[in-house]
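[1] coords please:
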Amino acid sequence: MGRTMPLCVALLALFAAVSVNGDRTLLKRRSLLQDETNPSLYPNFPFCQCIKPAINPIDVQFTGERSIGGNNYACFAIILKNPNPERGPCRTMDVHKVEFDIKHPRWNADGFAGGFAPANAKAVSWANGNAGTQVLKMTQLGPLTQAQLALLGPAGYPLCWELPAGKTLADVGGLGYDGVRYAVFSSVDFIRGPPVDDCCPIGITGLRPPPPFTPAT
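    Predicted structure coming up:
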């Protein structure tokens, strides 16, 4: 017994050291991948180092604005549009969070995920973008697996965030119409490494205005 105890103590100390060093490594890696103090390091949305695949199995569709509790929300649906494509590093990705490229000063916002009841309330967080851009983040979404999204079908997984008072998506998305640029992340904080866990396919969702009418001559 006297020999066993020192061995146990030594093992516990070793595990503790590995844990501390691991935490430091993760924090260092996060700061390198998404650095709010120096967004010019990654000048384009989503302002971090991650895989932006040409083939994206996940889609985010703008479903309109919705009044919830007297406040106006921009609502979206996360949809499985291309299940398990044969090629591409992100073909099996799940969804941990969605970020939106916002061209408007920050405001106090909340959100909903998976439904519109109080139990579905979801916190909204922010990050700095580049050249005054703000990033609105909806995190801790599961993960939503491709199997779960497949069961939801074309209705998808609902996601909403509150708009500023008196504003529409066109006012904050910076695209000139009711639309916004988004990024879907396969990892919340980039702690597990490539290839799948650093995926961040990007896209644009919204209601594009019809092209201007040109009368026949």
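[2] and the helices in this structure?
    Along the chain, counting by DSSP state H, helices occupy 4-33, 146-152, 169-173.
[3] tell me which other helices or strands the shortest one touches.
    Which is helix 169-173. strand 97-102, strand 178-185 (3 or more CB pairs under 8 Å, 6 or more residues apart in numbering; DSSP states H and E). Bear in mind the C-beta positions are built from the backbone N, C-alpha and C, glycine included.
[4] identify whichever of those lies nearest to residue 46.
    Checking the helices and strands packed on helix 169-173 against residue 46 by CB to CB gives strand 178-185 as the closest, at 4.0 Å.
[5] adjacent strands (with direction) for that closest one?
    As defined by DSSP bridges, the strand partners of strand 178-185 come to strand 97-102 (antiparallel), strand 202-207 (antiparallel).
[6] so which of the ones you listed is nearest residue 146?
    strand 97-102 (15.2 Å).
[7] tell me the average confidence for that closest one?
    On average, the pLDDT along strand 97-102 is 95.
[8] what sits up against it?
    Where contact means CB atoms under 8 Å, 6 or more residues apart in numbering, the residues beyond strand 97-102 that reach it are 45-46, 60, 76, 78, 127, 129, 133-141, 159, 161, 172-174, 180-185, 188.
[9] drop anything exposed from the residues you listed.
    45-46, 60, 76, 78, 127, 129, 133-139, 141, 159, 161, 172-173, 180-185, 188 (16 or more other CB atoms under 10 Å).
[10] now do stretch 102-109: distance from first to last residue.
    13 Å (CA to CA, to the nearest Å).
[11] would you mark the buried spots in it?
    Within stretch 102-109, judged by 16+ other CB under 10 Å, the buried ones are 102, 103, 104, 107, 109.
[12] what's opposite the closest residue to residue 139 other than its chain neighbours in the beta bridge?
    Leaving aside its chain neighbours, residue 139 sits nearest to residue 97 (4.2 Å; criterion: CB to CB, 6 or more residues apart in numbering). Judged by DSSP bridges, the bridge partners of residue 97 are residue 185.
[13] burial count for residue 97?
    21 (other CB atoms under 10 Å).
[14] swap in residue 65?
    Residue 65, neighbours per other CB under 10 Å, totals 14.
[15] tell me what it is bridged to.
    Going by DSSP bridges, residue 65 forms beta bridges with residue 74.
[16] gap between it and residue 173?
    12 Å (CB to CB, to the nearest Å).
[17] kindly report the same for residue 103.
    Applying CB to CB, the value for residue 103 to residue 173 is 7 Å.
[18] and if you look at residue 64?
    14 Å.
[19] before we move on, what about residue 76?
    Going from residue 76 to residue 173 by CB to CB gives 12 Å.
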